[in-house]
Every structure is written in structure tokens, then in C-alpha cells.
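> what's the 3D shape of this:
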Amino acid sequence: MKYSYYPGCTLKTKAVELDAYARASARALGFELEEIENWQCCGGVYPLGSDEIATKLSSVRALNEAKEKGQDLVTLCSACHHVIKRVNDDMKNVDDIRTRANNYMQLEEPYAGETTVLHFLEVLRDRIGFDTLKEKVTAPLTGKKIGAYYGCLLLRPSGLLEFDDPENPAIIEDFIRAIGAEPVIYPYRNECCGGYISLKEKEMSKTMSDKIMNSASGFGADMLITACPLCLYNLNKSTSGSKLPVFYFTELLAEALGVKEEAAKA
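Okay, here's the model as predicted:
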């Protein structure tokens, strides 16, 4: 099983671990992430201006390359997934954006949202299956109490992203169970950590992060896991109260599959 893969800028710099552990885990699970050759930064933020086209073109390019290969497009970074999935919806459903983007890019065949965009967690849930993942685990994380931190970008707008229930998500908790650990469900797991305002509004960002950390700690979590590089950075840097270790979910996946050391050397 082979997927086109969009890593994004951060996974080549500050979040190389998120990428490396995912690639090693994919191999262990029997599927391949084929990195798109000419990908460019997605912009990190979905542009809300209805007439904004330029910042969407890199996403269209990646989506079209996956289409030409006849593959689904897999993402890891929450921000990249959010942007690319929303741009794909624009290309499928907004005539003006689709027409202008295709006129600008001059593709051999116009792109109209044909590519399926999947987050790595969706591949685990919907293509591999958590029962199969559980069977592949060689080093279950027994005894670890893990809080899932979703953040805001994976879940909303829910009708478009279709990732999980935005108010009561379960995909990361089901993942935690599959790797042998105990999920800790706490109130602030799907609230924004304030990552996008962490430079301009430091105190507000710190207050938002503290609520998440204190909530998870109060409900008995030993650690948090996330798919978002910005969330991981902000939760580590902006918190002043309870400090739980924060990991990428792929690191714990690689550990459970027995490929963590292999990934760390890559």
C-alpha cells in the first residue's frame, strides 16, 4: 500500500521526529509514504479571504501530484492537514477558486478536488485498523496513562475535515488503547492551546496552555501526545503550572512497534 506524502516545512526542521517515527512505523505496518517531489509550504494558515488564491496554489500542486499518481495524500502536521483539506474542498466545491487556480497553474488536466486527503491517524484507523495495529505491537506501553491532545486544527470545521466528533473525539484514545496504554479523558483535550498567539499575546497563550496541562494532570495523565508541532512547542514553552511531558503520537507508535531506535538513527 503506497500513499503520496506531504511532510510540510516543520517536519524537515523542528519536528523531524514526528516525520521519522511515522516513516519507520509505516514500514512496520506494511505501507509506504512516498514523499511528493515538488511540495512547497502550505502556508500553515488557511486564508479566509474569498479572493485569496496565491497562498492556496502550493496545496493544489501537492493535491494534483497525488491525483496524477492515483494515490491518496497523507499528512501528519495538524496545520498542514487543515490547510490542504480545506483547499481541496475549495477546489471541489467553489467554482471561482477552482477556475482561477487552474487558469494560473495551467495543468495538463484541471484539478477539481479528486484527491482523498488523509491524516496519518486516519490511515491507522480506517485503512490499517486499530485491531490490526494492536496485533502488530511488540512492546505494548502497559501502565502508561496518556492524555490525547487534539488541539483545534484537526477537528474544526468538523463538517469539512470529517476527522472525528469535534466535541467528543475518540480517535487518539482508540490509538492509545491499541498501543497498550490507558487513555486519560480530560475536559480541555480539544481546546486551543494559544499557539498562534504565543508571540504576541504571551500571557493569554500561557493561560490557555495552563488550563490544558492542569486539566490533564488533574485527571491523572502521565503525559500528553499530539500531532501538532506548534501545539507541542507551545505546551512545552508557555506552561507555568503543571508540566507534563508532551510527545508526538508517532514516537509512542514507533516505540510500541519496536522501531523507535531505528527511526532515531535515520
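> which residues does Val60 contact?
87, 91, 101, 105, 111 (Cβ atoms under 8 Å, 6 or more residues apart in numbering). (Glycine included, C-beta is placed from N, CA and C.)
> Check whether the third one really touches Leu57, as I assumed.
Yes. If you go by Cβ atoms under 8 Å, Ala101 and Leu57 touch, sitting 6.3 Å apart.
> More neighbours: the two, which one.
Neighbours were counted for Ala101 and for Leu57 using other Cβ atoms under 10 Å; Ala101 has more, 24 against 16.
> Assign that one to helix, strand or coil.
Assigned by DSSP: H, G, I helix; E, B strand; the rest coil, the conformation of Ala101 is helix.
> what does Asp174 give?
Applying three-state DSSP: Asp174 is helix.
> Check the burial of it by counting its neighbours.
17.
> where do the helices sit along the stretch 1-150 of the chain?
16-29, 57-69, 78-93, 95-105, 120-122, 130-136 (DSSP state H, counting those that start in this stretch).
> Tell me which of those sits nearest to Tyr46.
Closest approach to Tyr46 among those (Cβ to Cβ): helix 78-93, 4.8 Å.
> What is that closest one packed up against?
helix 57-69, strand 73-75, helix 95-105, strand 117-119, helix 158-161, helix 229-237 (3 or more Cβ pairs under 8 Å, 6 or more residues apart in numbering; DSSP states H and E).
> how about that helix as PDB, C-alpha atoms only?
Included here for helix 78-93 are C-alpha records, laid out as PDB according to Å, rounded to 0.1, in the frame of the first residue of the first chain:
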ATOM      1  CA  SER A  78      -2.200  19.300  12.100                       C
ATOM      2  CA  ALA A  79      -1.800  22.700  10.400                       C
ATOM      3  CA  CYS A  80      -0.800  21.200   7.000                       C
ATOM      4  CA  HIS A  81      -3.700  18.800   7.200                       C
ATOM      5  CA  HIS A  82      -6.100  21.600   8.000                       C
ATOM      6  CA  VAL A  83      -4.900  23.800   5.200                       C
ATOM      7  CA  ILE A  84      -4.700  21.100   2.500                       C
ATOM      8  CA  LYS A  85      -8.000  19.500   3.300                       C
ATOM      9  CA  ARG A  86      -9.800  22.900   3.200                       C
ATOM     10  CA  VAL A  87      -8.100  23.900  -0.100                       C
ATOM     11  CA  ASN A  88      -9.200  20.500  -1.500                       C
ATOM     12  CA  ASP A  89     -12.700  21.300  -0.600                       C
ATOM     13  CA  ASP A  90     -12.400  24.700  -2.300                       C
ATOM     14  CA  MET A  91     -11.200  23.100  -5.500                       C
ATOM     15  CA  LYS A  92     -14.100  20.600  -5.300                       C
ATOM     16  CA  ASN A  93     -16.900  23.000  -4.400                       C
END
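> tell me the helices in the stretch 151-266 of the chain, going along the chain?
Under DSSP H, counting those that start in this stretch, the stretch 151-266 of the chain gives helices at 158-161, 171-178, 202-218, 229-237, 249-257, 260-265.
> Much appreciated, bye for now.
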